[in-house]
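Enquirer: Return atomic coordinates for the entry below.
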Amino acid sequence: MQVISGGRTTYLQPIEIYMKRLILSAALLFLLPAYSYLWSCDWQSCQDCQQVPDNQDVKAERVVTGDERTELYLPLVEGKRVALYSNQTGLVGPDHRHVLDVLVEKGVRMTAIFSPEHGFRGHADAGAVVADEVDGQTGIPILSLYGQNRKKHLGEEAMSMFDVLLVDIQDVGLRYYTYYVTMCHLMDACAKYGREVIILDRPNPNGHYVDGPILDMSLRSGVGYLPIPVVHGMTLGELARMAVGEKWLNEGNECRLTVIPCLNYTHQTHYALPVAPSPNLPNMQSIYLYPSLCPFEGTVVSMGRGTDKPFQQYGHPGMQACHTYSFTPQSMPGATRPTLLGEKCYGRDLSAIPYDSIWRSQMSLAYVIDAYRCLKAEGKADGFFTSFFDKLLGRTYVREMIEAGRNEAEIRARWHDEVEEFKQKRQKYLLYE
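Expert: Numbering: from 1, shown residues only. All right, here's what the predicted structure looks like:
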């Protein structure tokens with residue numbers, strides 16, 4: 001397991017990481033004014049988000065993602081058959097060219113593409129079966145790993161199509177976001193069949209904190225695959241290193257892993273994504289609120305799918321006594337069958353909360369608790385939680401304590417110590433300050 005940086009192989013030791021962090025912490029005290037500019041950025045201004053205005057005394061260097069560092073990874077794939085795990089987020093540099101186009105232009109022998117939930121182009125609904133297809137521009141077969149063919153595409157036939165797997169996909173740093181789960185399945189298969197894995201690393205927009213309960217592995221599912229907190233605070237490259245180092249892959253498989261790290265990135269960098277990572281995370285507001293609103297997926301409450309503010313609001317027809325704000329979910333691309341389709345929902349609009357306030361906040365259970373207590377007061381809380389809620393949160397005690405009337409502070413206290421232990425365990429796998 002190695003990290004390629006600056007043209008050489010670097011093995012990072014815990015003391016080296018600690019010293020670098022100590023130096024960087026002091027430096028960040030002088031850089032904080034520059035970062036405040038980034039809080040108001042969105043997709044349309046993504047290039048501006050990676051530098052401070054000319055009138056600032058300190059300029060932040062543009063974040064360079066792993067896929068831009070072709071001089072480091074192209075020599076590793078020369079003369080080999082290459083597969084790519086990516087989707088619409090695999091954009092390279094300020095020009096936003098897709099990594100597939102760059103690889104083909106560079107003469108890399110591309111033989112297969114693996115696609116995750118939402119498909120290679122990122123348009124499919126959450127949970128929708130995505131069929132295999134052929135890329136119209138290159139003729140390369142696209143093998144869907146989200147649907148009925150997943151097991152087949154992780155077997156010997158698909159693995160025989162390539163020698164090296166490149167991973168270039170934008171994750172949002174949550175245990176219940178499925179892109180990392182698919183990556184782990186691919187790593188398992190590559191380890192079993194002797195294939196190399198090279199991760200072209202990308203920033204984690206929620207990488208500045210760690211929060212939420214650690215997954216009870218008896219609840220392992222497609223929305224929770226590793227024993228990590230809900231918000232793990234790691235990039236995909238770091239998470240993959242930890243999965244290998246802690247032997248979390250199936251049967252303790254040893255994956256030949258190389259990570260091409262980002263440049264000019266730390267876990268405190270405010271990084272605005274250049275494209276929506278999935279249909280219902282359309283902006284940074286939704287991405288920062290996602291840790292707190294996704295648990296509604298395991299309830300009867302809508303979190304805004306089927307509206308212009310998905311994961312930026314929540315509501316239910318029975319909450320009119322508690323809230324006056326309302327919205328009505330409709331069928332639309334990316335949310336053809338949203339929860340409470342066509343029903344007027346009363347709840348809260350969170351879309352106008354300032355970015356800096358959200359970015360500095362923790363994962364919150366306050367919204368779920370509010371909705372549960374509101375419906376309970378109206379005698380409508382029966383069936384509030386579905387079985388999916390426990391899978392999302394990774395522990396049964398969260399639901400049980402909410403039902404028992406416990407407050408958020410009491411619930412958070414249950415996971416505090418295990419999160420602190422996890423933060424210590426992950427130290428040796430981190431690549432960034």
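Enquirer: confidence score at the residue nearest the centre of the chain?
Expert: Geometric centre of the chain, nearest residue: Val172, 2.4 Å, by CA atoms, centre = their mean. The model reports Val172 with a pLDDT of 97.
Enquirer: got it, and the one 10 residues further on?
Expert: With respect to pLDDT, Thr182 has a value of 92.
Enquirer: Just the element for it, please.
Expert: Assigned by DSSP states H and E, Thr182 belongs to helix 179-192.
Enquirer: pretty sure the residue nearest to the centre of the chain contacts Pro205?
Expert: Yes - shown here, Val172 and Pro205 form a contact pair, counting by CB atoms under 8 Å, at 5.8 Å. For every residue, glycine as well, the C-beta is placed using N, CA and C.
Enquirer: if I look at those two, which residues touch both of them?
Expert: The contact sets of Val172 and Pro205 overlap at Ile287 (CB atoms under 8 Å, 6 or more residues apart in numbering).
Enquirer: For Arg337, which three-state class applies?
Expert: coil (DSSP: H, G, I helix; E, B strand; the rest coil).
Enquirer: got it, and Leu165?
Expert: Leu165 - assigned by three-state DSSP - is strand.
Enquirer: so what's it up against?
Expert: Shown in contact with Leu165 (CB under 8 Å, 6+ apart): 82-85, 114, 186, 190, 195-198.
Enquirer: Show me what counts as buried in stretch 245-256.
Expert: Across stretch 245-256, burial judged by 16 or more other CB atoms under 10 Å covers 248-249, 253, 255-256.
Enquirer: Quick one, which of those residues has the minimum pLDDT?
Expert: Within the set of the buried residues of stretch 245-256, pLDDT is lowest for Asn253 (73).
Enquirer: Do I have it right that Arg399 meets Phe384?
Expert: No - using CB under 8 Å, Arg399 is not in contact with Phe384, being 9.2 Å away.
Enquirer: In contact with the nearest residue to Arg241 once chain neighbours are set aside, which residues?
Expert: Leaving aside its chain neighbours, Arg241 sits nearest to Tyr429 (4.3 Å; criterion: CB to CB, 6 or more residues apart in numbering). Neighbour list for Tyr429: 234, 238-239, 241-242, 245 [criterion: CB under 8 Å, 6+ apart].
Enquirer: now Tyr429: how far from Met242?
Expert: Using CB to CB, to the nearest Å, Tyr429 is found at 4 Å from Met242.
Enquirer: go on, Pro274?
Expert: As defined by CB to CB, Pro274 lies at a distance of 26 Å from Met242.
Enquirer: helices or strands next to the helix or strand hosting Glu71 in the packing?
Expert: Assigned by DSSP H and E, Glu71 belongs to helix 70-77. With contacts taken as 3 or more CB pairs under 8 Å, 6 or more residues apart in numbering; DSSP states H and E, helix 70-77 sits against strand 2-5, strand 164-168, strand 196-200, strand 256-260.
Enquirer: one step back: now do the same contact list for the residue nearest to the centre of the chain.
Expert: By CB under 8 Å, 6+ apart, the residues touching Val172 are 204-206, 277, 281, 287, 290.
Enquirer: run the last query once more with 7 Å
Expert: Counting by CB atoms under 7 Å, 6 or more residues apart in numbering, Val172 makes contact with 205-206, 277, 281, 287, 290.
Enquirer: now swap in Ser364 and tell me
Expert: Ser292.
Enquirer: Also the one 10 residues further on?
Expert: Taking CB under 7 Å, 6+ apart as the criterion, Cys374 is in contact with 319, 322.
Enquirer: Next, the residues that contact stretch 281-289 from outside, please.
Expert: Here stretch 281-289 makes contact (CB under 7 Å, 6+ apart) with 42-43, 172, 205, 272, 276, 290, 310-312, 350-351, 355, 358-359.
Enquirer: residues contacting Arg373?
Expert: Contacts of Arg373 (CB under 7 Å, 6+ apart): none.
Enquirer: That one is in what secondary structure piece?
Expert: According to DSSP H and E, Arg373 maps onto helix 366-377.
Enquirer: List the buried residues for that helix?
Expert: For helix 366-377, by 16+ other CB under 10 Å, it's 367-372, 374-375.
Enquirer: mean confidence score for that helix?
Expert: 98.
Enquirer: Which stretches in the stretch 301-433 of the chain count as strands?
Expert: 313-316, 325-327, 345-349 (DSSP state E, counting those that start in this stretch).
Enquirer: hang on, the earlier thing: let me know the angle separating the helix holding Thr182 from strand 164-168.
Expert: Angle of helix 179-192 versus strand 164-168, following axes from the mean of the first three to the mean of the last three CA atoms, to 10 degrees, is 170 degrees.
Enquirer: what about helix 179-192, distance to the chain center?
Expert: Relative to the mean C-alpha coordinate of its chain, helix 179-192 is positioned 15 Å out (CA atoms, centre = their mean, to the nearest Å).
Enquirer: Contacts only, for Met319.
Expert: 346-347, 371, 374-375.
Enquirer: Likewise for Met110?
Expert: Contacts for Met110 were tallied using CB under 7 Å, 6+ apart; they are 82, 84, 103-104, 138, 140.
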